[in-house]
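Engineer: Here is the input, now give the coordinates:
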Amino acid sequence: MVEAPLSIPPNRALRVVGDVHGDVSAFAYAADTDRFVIQLGDLVDYGPDSAGALRIMFDLIDRGQGLFLLGNHDLKLARFLLGQKVRSNAELIATRRQMDEPLRARFLAEAARAPLWLQSGPRLFIHAGFHTDMLLGPPPPTEIGRAVGVNARALFGEPTGMTQSDGFPERSLRWVHRIPPNITVYVGHDRRSQDGRPLEQPSRAGGRAVFLDTGAGKGGHLSWIDLPPLEDRIEAAAARS
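Structural biologist: Model (predicted):
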């Protein structure tokens, strides 16, 4: 039986962590906080210790101190473990070999209830790409299989229809300019920063996106952003009015 999806507890200070990709030492440092940790997906692959990164995340979940969104690498690993047809590579196989049977079982259970996106007031947390339908309500129950529609946008972003030289689909950031006023989308997946810091990009529609993937596990490093409780934001806005 799949457990209910996790949610963000109210009135908590947050730490939003970008793609980990097996960078266990950096993730251990980021997770050492009293803030509630929201990890934006792609815990596994590329880095030296994907199994260790998963164990840190599951400890946060067990203590009520964090959750992770489902990323495309997490979904791919779950599908691989279930024997579904996926495009295999050395990183995926290495991750699988690091995991003992109890960890595999725990991962499959957590992947099945990991949300595809979460909204908390004016904040929307997503792995790959925004769609306006995400503002209409919580995501549907996660299915470990091929993603379509809004679920595919959440996991893979917005393809251009072109293929890159590495054989993977080229992705567009057109979705950024559909973010409405007063909404901030915190996103991983795409390494867009040129200076190693989280990149903020305004939307022509009035909102903004904050990209937190800075290449952890891939020769870069892990980034995160600390956010105050929403009630603090409301009080500060009231004080200025």
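
Engineer: how about the strands in the protein?
Structural biologist: Remark: strands assigned in the chain by DSSP state E are 14-17, 36-39, 66-68, 117-120, 123-126, 158-163, 169-172, 184-187, 199-202, 208-211, 224-227.

Engineer: Could you export those as CSV, including mean neighbour count, distance to residue 137 and mean pLDDT?
Structural biologist: All C-beta atoms are positioned from the backbone trio N, CA, C, and that covers glycine. Output for the strands of the chain, formatted as CSV (neighbours: other C-beta atoms under 10 Å; distance: least, C-beta to C-beta, whole Å; pLDDT from 0 to 100):
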stretch, mean neighbour count, distance to residue 137, mean pLDDT
strand 14-17, 24, 21, 98
strand 36-39, 24, 19, 98
strand 66-68, 25, 18, 97
strand 117-120, 21, 9, 95
strand 123-126, 22, 12, 97
strand 158-163, 12, 21, 77
strand 169-172, 14, 25, 77
strand 184-187, 25, 16, 97
strand 199-202, 15, 25, 94
strand 208-211, 20, 21, 96
strand 224-227, 17, 22, 97
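
Engineer: for the ones you listed, which one sits closest to residue 99?
Structural biologist: Proximity to residue 99 (C-beta to C-beta) singles out strand 66-68 among the strands of the chain, at 15.9 Å.

Engineer: Show me what that closest one is packed against.
Structural biologist: strand 36-39, helix 50-62 (3 or more C-beta pairs under 8 Å, 6 or more residues apart in numbering; DSSP states H and E).

Engineer: remind me which residues of this structure are low pLDDT?
Structural biologist: Within the chain, the stretches with pLDDT under 70 are 1-5, 164-169, 232-241.

Engineer: And the helices in it?
Structural biologist: Counting by DSSP state H, the chain has helices at residues 24-31, 50-62, 72-81, 90-98, 101-113, 149-156, 230-240.

Engineer: Most tightly packed of these?
Structural biologist: Of all those, helix 72-81 has the most neighbours on average by mean count of other C-beta atoms under 10 Å, namely a mean of 22.

Engineer: So which of the helices of the chain is nearest residue 124?
Structural biologist: Of all the helices of the chain, helix 149-156 comes closest under C-beta to C-beta, at 10.5 Å.

Engineer: by how many degrees do that closest one and strand 158-163 diverge?
Structural biologist: 70 degrees (axes from the mean of the first three to the mean of the last three C-alpha atoms, to 10 degrees).

Engineer: which outside residues touch helix 149-156?
Structural biologist: 70-72, 75, 116-117, 126-131, 133-134, 139-140, 143, 147, 169, 171, 175, 189 (C-beta atoms under 8 Å, 6 or more residues apart in numbering).

Engineer: do you know how far residue 217 is from residue 42?
Structural biologist: Taking C-beta to C-beta, to the nearest Å as the measure, residue 217 falls 9 Å from residue 42.

Engineer: right, I mislabeled it, should have said residue 138
Structural biologist: The value you get for residue 138 to residue 42, if C-beta to C-beta is used, is 21 Å.

Engineer: Which of the two has more residues huddled nearby?
Structural biologist: The neighbour count for residue 138 versus residue 42, taken as other C-beta atoms under 10 Å, is higher for residue 42 (31 against 13).
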